[in-house]
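S.K.: Only the shape, not the letters, is given here:
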C-alpha cells in the first residue's frame, strides 16, 4: 500500500467551501464558497487562485459544453463567463419558496444537470427541515422536479454503467441509491446503500472512483470515507485536520489526487484555534485509485 498523504493546498479560508470540480482543459480545480458567495478557480501548477463574487449564496459550479460554467446562485441556474466575470440567469427553481437556496449540483453522463435546494440556515447548525427539492435541468432548460420534502440535498454521482444514481439527503444520515434512466432522467426504487456510524458525522459531498466505489465527505466527521455501494461496506477512512469536511472530487493530470473542501462557518473561537486550516482545501495522494472526468452541462 502506498502511504496516504494529506496536504493543505488552498489556504483560502472559505466559510463553506463546497463542490470541487476538476477542469480537465485548464488543469484547474473549481470550487465554491457558499456563504462567502464566491466561485474559486485554483491552478496547482501556478498555485494561483482566481475568484468571482456571485452576489448571492452559490451552491455549485460545473463546466458548460458551450463554454464557461453554470452555477447555482440563490434559486437560479446562471451561466458564468469567466473571461468577462459576467453572470446571466438561465432558469429559476423553487420560485414559491423564497427562503430556499440551491445547494449541491452535478451533471449526469449525458449532460443533464441535477441540483437540489434546501431551506436557508437561520444559524449554521439550524436548517429548516423538509423544505428542499431535487430538480433536473435539461439542455433545453426545462426543469423537472424529482423529489420534495428534502432536508439538505447533497452528494450526487452515478454508477459506472450509469444505471444507478447515488444521492445524499444529509440529515437522513444515509447514502441512498436510485435506479436511473439516463435517457429520460427519471429516478426510482430508492434504497439505502450506507448508514453513517457514530462519529462519522453527516454525509455531505460525494464522488465515484473508476472502480465504482463512493467517496463521501463527512461533515462534522473530519474524514472522507470510501464505500463499496454493492456491499454497503466502508473500505477506507481518510482523516483530515478539520472537522467540517464538505465535499470531494478526483483531479490532477491522471485523476489520482483526491481534493477535499472544508468549512469554518459555525466554529467558535476555540474551534478556530484548534483547527487553523478550517475552510481550506486539501489534496489527498497515495490512495492507489483514480477518479473520472467531470461531465459538462449541455444547456
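M.R.: Thanks, I have it. Here the structure is a predicted model, which is why all the values come from computation and not from measurement.

S.K.: ok, now which ones touch the residue nearest to residue 146 when sequence neighbours are not counted?
M.R.: Closest residue in space to residue 146, ignoring its immediate chain neighbours: residue 134 at 4.8 Å, by CB to CB, 6 or more residues apart in numbering. In this view, the C-beta of every residue, glycine as well, is placed from N, C-alpha and C. By CB atoms under 8 Å, 6 or more residues apart in numbering, residue 134 lies in contact with 114, 115, 116, 145, 146, 147, 148, 150, 153, 167.

S.K.: ok, what's across the strand from the last one?
M.R.: Which is residue 167. According to DSSP bridges, the residues that bridge with residue 167 are residue 156, residue 176.

S.K.: Hmm, residue 177 and it touching each other?
M.R.: Yes: when contacts are counted by CB atoms under 8 Å, residue 167 is listed as touching residue 177 (7.5 Å).

S.K.: of these two, who's got more company?
M.R.: Taking neighbours as other CB atoms under 10 Å, residue 167 and residue 177 compare with residue 167 leading, 28 against 22.

S.K.: Tell me who's in contact with that one.
M.R.: Residues near residue 167 by CB under 8 Å, 6+ apart: 134, 153, 155, 156, 175, 176, 177, 178.

S.K.: Mind checking which of the contacts of residue 134 are buried?
M.R.: 114, 115, 116, 146, 147, 150, 153, 167 (16 or more other CB atoms under 10 Å).

S.K.: Go through those and say which is closest to residue 278.
M.R.: residue 153 (23.5 Å; CB to CB).

S.K.: My guess is that closest one contacts residue 119. True?
M.R.: No: in this structure, residue 153 is not within contact of residue 119 by CB under 8 Å, at 10.7 Å.

S.K.: Give me the common contacts of these two.
M.R.: Residues within reach of residue 153 and of residue 119 at once, by CB under 8 Å, 6+ apart, are residue 132.

S.K.: circling back: for the buried ones among the contacts of residue 134, please prepare TSV with the additional fields pLDDT, distance to residue 258 and secondary structure.
M.R.: Below are the buried ones among the contacts of residue 134 laid out as TSV (pLDDT from 0 to 100; distance: CB to CB, whole Å; DSSP: H, G, I helix; E, B strand; the rest coil):
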residue	pLDDT	distance to residue 258	secondary structure
114	98	22	strand
115	97	23	strand
116	96	23	strand
146	96	28	strand
147	95	28	strand
150	94	27	strand
153	92	22	strand
167	97	20	strand
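
S.K.: Mind checking what secondary structure residue 270 has?
M.R.: Under DSSP: H, G, I helix; E, B strand; the rest coil, residue 270 falls in the helix class.
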